[in-house]
Each structure stands twice: as structure tokens, then as C-alpha cells.
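K.L.:
Next come a sequence and a model predicted from it.
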There are 2 protein chains.
Amino acid sequence: MQTSPIEPPTLREHIGDVLRLIRRAQGRTLREVSSDAQVSLGYLSEVERGQKEASSELLAAISKALGVPLSFVLREVADRIALMEGVDIPDTVPASLMDETLEDRITLLS
Amino acid sequence: MQTSPIEPPTLREHIGDVLRLIRRAQGRTLREVSSDAQVSLGYLSEVERGQKEASSELLAAISKALGVPLSFVLREVADRIALMEGVDIPDTVPASLMDETLEDRITLLS
């Protein structure tokens, strides 16, 4: 995760982190996913690094290429931001923010 | 909500719907919120109507101006998209998608 002592990660960076984690958990390359999502490899790479905002359409296409519902990606992102914001979400298990647990959930979706 | 018989609402439209519902639940005008968020009234209006993608920074600024955590906005959006996707989310109460319930949650946050 891209963190700095000054600025917390932006929404864009959290989205990139989650997309990259899902892709890596599936053992897939940027090339494979960008091809399936019909986006350029450079664009997907920039999105994963939080350097470019993904449009709604492209975020939907990337989620589809990864085989996960868009709502799943958004919930993971919301969980991470809630932790950063110190927002209490009773039905969220803190461990859900660990990458291993994300991998488990991705496996369950497959 | 902007629905069409052909295309389901995009992420952008869901975000706009949620932001507008929160603002209206607070009885605030576009002018007030755009001023607090330091975005133009026209821009906020376009975002609420799902006509423009909000950047990560501006979505954070609008959430802050509305006095709600960004994670709250994202969870509401994720819930709506999950319903659209038919994704089973055990800890989500279906009634949470009703606007009255959203209003209750906004009141609890205030």
C-alpha cells in the first residue's frame, strides 16, 4: 500500500491496492487481466498503482475480468477506508483487512 | 435513481444518488454543500446526476462537506450495486437500501 507520513492513501490508491491484490491472489499477470478487461496494460498498471482514476465503466470491466462483483471490490475498499477513518463498522471483522483473508474471500468467490 | 430498461445504473450514477440522498436528508442545498466542499455548484450537480466522475479528492471533499465518512458513502454504494448484482451479503439487511433507512443512518451519524 502506498502510504506517506503526510497524506493518507486516497480512494484511488485503495482501489488500486485491492485490484492488484485480487489479481495476484489469482496468479494472473497485468497482461492477462488488461486483455480480458479490454484496457491497455499501461492503464491497468497506473490504476493499480493509484496513479490514475478508473472510470465507472473501466472499473466494472476490470472487476468483471477478475471475476469478482464490483460490489466486492467496493466493500473491500470501504473496509480499508473505514479503518483509516476510525469508523466503527460492527459487522466488519478487523481481520478482514488482512490480505490473507482477502485471498480466502476471493477463493470463495471463484 | 436513473434506471433504463437497457443499461443498469453505473457506479457513477449510484455515487450521485447516494450523495444527493444524504444532502437532501440534511435539508441542504447544492449551493451550501458545493461551497463547503469548495467545488463548483455545476460540478456537484453533475456528479449527483451521475453525469461526471468525481475524482478521489473531490469525493472525499464532498463527503467531508456532508459530514459523513467516505467509507459510509462507499458502503451505501456497494450495497446498492450488490443488490443489482444479486450478490448475497449476509450481514446486509435488504431494508438498508430503502431511502428512509439511509436517512436514519445519516441521522445517527450526525
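P.N.:
Sure, I can see it.

K.L.:
what sits up against stretch A:30-42?
P.N.:
A:R23, A:Y43, A:L44, A:S45, A:E48, A:L58, A:A61, A:I62, A:K64, A:A65, A:L66 (Cβ atoms under 8 Å, 6 or more residues apart in numbering or on different chains). (Each C-beta comes from the backbone N, C-alpha and C, glycine too.)

K.L.:
Quick check: the gap between A:A37 and chain B.
P.N.:
Going from A:A37 to chain B by Cβ to the nearest Cβ, to the nearest Å gives 15 Å.

K.L.:
Next, count neighbours for that residue.
P.N.:
By the criterion of other Cβ atoms under 10 Å in any protein chain shown, A:A37 has 20 neighbours.

K.L.:
From B:A60, how far out is A:R20?
P.N.:
21 Å (Cβ to Cβ, to the nearest Å).

K.L.:
Write out the residues of chain A neighbouring chain B.
P.N.:
For chain A, the residues in contact with chain B (Cβ under 8 Å from any Cβ of the partner chain) are A:10-13, A:53, A:55-57, A:59-60, A:69-72, A:74-75, A:77-79, A:81-82, A:85, A:87, A:89, A:91.

K.L.:
buried ones in stretch A:70-88?
P.N.:
Residues of stretch A:70-88 classed as buried under the neighbour-count rule (16 or more other Cβ atoms under 10 Å in any protein chain shown) are A:70-82, A:84-85, A:87.

K.L.:
OK, contacts around the residue nearest the centre of chain A?
P.N.:
In chain A, the centroid-proximal residue (Cα atoms, centre = their mean) is A:V18; its distance is 1.9 Å. Neighbouring residues of A:V18 by Cβ under 8 Å, 6+ apart: A:V73, A:E76, A:V77, A:R80, A:L102.

K.L.:
all helices of chain A, in order?
P.N.:
Assignment of helices within chain A using DSSP state H yields the ranges A:11-25, A:30-37, A:41-48, A:56-66, A:70-85, A:99-109.
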